[in-house]
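Novice: Kindly generate the corresponding structure for this input.
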Amino acid sequence: MNTPLIKVIIPAFNEEASIAKVINEIPNFVSEIIVVNNASTDNTKSVAANAGATVLEELNKGYGYACLRGLRYVSSCDRHPDIIVFLDGDYSDYPEEMNKIIATIIESDIDFVIGARRDELREKGSMTFPQRFGNWLATNLMRLFFGSRFTDLGPFRAIKYNKLIGLKMEDKTYGWTVEMQLKALKQKLTYTEIPVKYKNRIGTSKVSGTLKGAILAGVKILSWIFKYSLK
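Specialist: Numbers count the residues shown, from 1 in each chain. Sure, this is the predicted structure:
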């Protein structure tokens, strides 16, 4: 893959305090940074635009809704990218680590790479107990049912654009990440994980930061796994 075209999609709901930091630390080999403003009630939209991102609007709340909106935009562009990167807007990841995630795709011709939040690289308190337990349960179920090697559902991930389109993604809320991993397994994409650092996010998580969000996310993730285990 010679000089691949790379685009980044960042779903963002009320991330005005963090979104510019994320955008500013994304490596300059990225051709376009797409922030999907997911019904924010703060200044996320203007802050992201001022930082140089392409800002889209998605009024339906949900991580999957925002990702799908970003993909519709990308598909409408004259030239499609070679690689799509997904990254959260809360500054919990280290955007500069995109270098090693992308390098794995380019140098080893891997289809799909997840930035795995290893224990030893995580800042204390950066993942709540529901997050840690959910990751453990989901990845162990995927290992049991599908023989997968995934250890994390981390949102910092990169995938070849044509492979992503072939997955026919559909989840609109909490199940987006696990749906991608399950479909990658079913379609026998090549995949790997790259250990990445993880720090405490700016602001409060809209999912793991509330009991309701944690429960809904857990139910959605498990429903995707059991749905695919029966196919």
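
Novice: CA only for contacts and neighbour counts going forward, please
Specialist: Will do.

Novice: what kind of secondary structure is L164 in?
Specialist: Of the three states, L164 takes helix according to DSSP: H, G, I helix; E, B strand; the rest coil.

Novice: Need the pLDDT of it.
Specialist: L164 is assigned a predicted lDDT (pLDDT) of 98.

Novice: Grab the most central residue of this protein for me.
Specialist: Centrality entry for the chain: nearest residue to the mean C-alpha point is P155, 3.0 Å, by C-alpha atoms, centre = their mean.

Novice: element containing it, please.
Specialist: In the assignment (DSSP states H and E), P155 maps to no helix and no strand.

Novice: again, but for M180
Specialist: Using DSSP H and E, M180 falls within helix 176-186.

Novice: So which bits of that helix are buried?
Specialist: 176-185 (16 or more other C-alpha atoms under 10 Å).

Novice: Give me the residues contacting that helix.
Specialist: Residues outside helix 176-186 that contact it (C-alpha atoms under 8 Å, 6 or more residues apart in numbering): 63-64, 112, 142, 146, 148, 153-155, 167, 169-171, 190-191, 221, 224-225, 228.

Novice: next one: stretch 50-66
Specialist: Taking C-alpha under 8 Å, 6+ apart as the rule, stretch 50-66 contacts 11-12, 20, 23-24, 32-39, 45, 48-49, 69-70, 170-176.

Novice: cool, stretch 150-161 as well?
Specialist: Around stretch 150-161, the neighbours that count as contacts under C-alpha under 8 Å, 6+ apart are 80-88, 93, 101-102, 105, 111-117, 135-136, 139-140, 142-143, 177-178, 192-193.

Novice: Mind checking which of these are buried?
Specialist: 81-88, 93, 101-102, 105, 111-117, 135, 139-140, 142, 177-178, 192-193.

Novice: one step back: now, which of the contacts of stretch 50-66 lie within helices?
Specialist: When the contacts of stretch 50-66 are checked against helices (DSSP state H), the matches are 20, 23-24, 45, 48-49, 69-70, 176.

Novice: Looking at those residues, state which has the most neighbours.
Specialist: When neighbours are counted by other C-alpha atoms under 10 Å, A48 leads the ones in helices among the contacts of stretch 50-66 with 28 neighbours.

Novice: All set now, cheers.
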